[in-house]
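Trainee: coordinates only, no sequence provided:
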């Protein structure tokens, strides 16, 4: 009798307990959560359906990488130079001789058009700078707020003249005022450049925050030419070093807001070899840079 009563009580308890709502079981796996359904809700569904709900939860990256790489960055800017040349110096007062970098053509003729300060007037609206950076890297120094930024790229400068000044590279580099007019007359210089900058990013966890960088760059001249187009001669390119400085050292900087940056560069040495040309021109550029950092 006691055994029968005990079994009956247990059976009644099991039936009563099965009717209660079961709390779902929760399992967290990686970036999602698996919730097991209770028996009551699962009975209402198709017999072939699974008794699990999978809830995906997006995880946000909270840790910045110590080294970040950005590939193929493009710069578009305007080029000009700060001219500190002494146009009353011997390089210009002696240009009637058949020697030196500054020459008067035809030689010895005082009536011809001598090279002066106005000979190097630039069309500032068409003088351009285009840079292609193969990569830029940012390395964390202090809590991703202070970083070291460096890279490798090709800097290209096109100085567009408003005058008929012409450069020649044979038998030795020289410059003179030509006797014809050109529809296009520009001096090109291309450098393989490595920049080094300190980057300050007050908001390291935001891609839309304000940041700035400043430093120096070193570039090696890999191509230079004077490209001219005229009715008399057609298109011609005078290639050679044209007495340009082989190295370009510059102060560089940028100010950014999100992916858009304003960059600037000022050359610390002259474009041409001052000792051989008498020219003392310091190039500078201002433009826009499209970069993720």
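Mentor: Looks like it came in fine. Please read all numbers here as calculations on a predicted model, not as lab measurements.

Trainee: can you tell me the SS state at residue 119?
Mentor: helix (DSSP: H, G, I helix; E, B strand; the rest coil).

Trainee: how far away is the residue nearest to residue 121 when sequence neighbours are not counted from residue 240?
Mentor: Nearest in space to residue 121, with sequence neighbours left out and distances taken as C-beta to C-beta, 6 or more residues apart in numbering, is residue 162 at 4.8 Å. From N, CA and C alone the C-beta is placed, and that goes for glycine too. The gap separating residue 162 from residue 240 is 23 Å, by C-beta to C-beta, to the nearest Å.

Trainee: can you give me the strands for the stretch 151-293 of the chain?
Mentor: Using DSSP state E, counting those that start in this stretch, the strands of the stretch 151-293 of the chain run over 165-168, 174-177, 184-200, 210-230, 234-239, 247-257, 260-267, 281-290.

Trainee: most tightly packed of these?
Mentor: Here the criterion is mean neighbour count by mean count of other C-beta atoms under 10 Å, and of the strands of the stretch 151-293 of the chain the winner is strand 174-177, at a mean of 22.

Trainee: show me how far it is from its chain's centre.
Mentor: Computed by C-alpha atoms, centre = their mean, to the nearest Å, the chain-centroid distance of strand 174-177 equals 35 Å.

Trainee: can you say which of the strands of the stretch 151-293 of the chain is nearest to residue 88?
Mentor: Nearest to residue 88 among the strands of the stretch 151-293 of the chain is strand 281-290 (16.3 Å), distances taken as C-beta to C-beta.

Trainee: can you tell me what sits against the closest one?
Mentor: The contact list for strand 281-290 (C-beta atoms under 8 Å, 6 or more residues apart in numbering) reads 73-85, 120, 129, 157, 159, 254, 256, 259-272.

Trainee: ok, the closest residue to residue 210 other than its chain neighbours - contacts?
Mentor: Take residue 210 and drop its neighbours on the chain: the residue closest to it by C-beta to C-beta, 6+ apart is residue 257, 5.6 Å away. By C-beta under 8 Å, 6+ apart, residue 257 lies in contact with 208, 209, 210.

Trainee: pLDDT below threshold where in the stretch 51-200 of the chain?
Mentor: 51-63, 106-111 (pLDDT under 70).

Trainee: the residue nearest the centre of the chain pairs with what?
Mentor: Nearest to the mean C-alpha position of the chain, counting by C-alpha atoms, centre = their mean, stands residue 73 at 4.2 Å. Beta bridges link residue 73 to residue 133, judged by DSSP bridges.

Trainee: ok, it to residue 138 distance?
Mentor: Note on residue 73: its distance to residue 138, by C-beta to C-beta, is 12 Å.

Trainee: and if you look at residue 193?
Mentor: Distance from residue 193 to residue 138, counting by C-beta to C-beta: 17 Å.

Trainee: swap in residue 198?
Mentor: 11 Å.

Trainee: overlap of the contact sets of these two?
Mentor: Shared contacts of residue 198 and residue 138 (C-beta under 8 Å, 6+ apart): 147, 148, 149.

Trainee: ok, so of those, who is nearest residue 249?
Mentor: residue 149 (17.7 Å).

Trainee: helix or strand for that closest one, which one?
Mentor: strand 146-160 (DSSP states H and E).

Trainee: quick one, that strand and strand 247-257 angle?
Mentor: Angle, strand 146-160 to strand 247-257, by axes from the mean of the first three to the mean of the last three C-alpha atoms, to 10 degrees: 120 degrees.

Trainee: buried set for strand 146-160?
Mentor: 147-151, 153-160 (16 or more other C-beta atoms under 10 Å).
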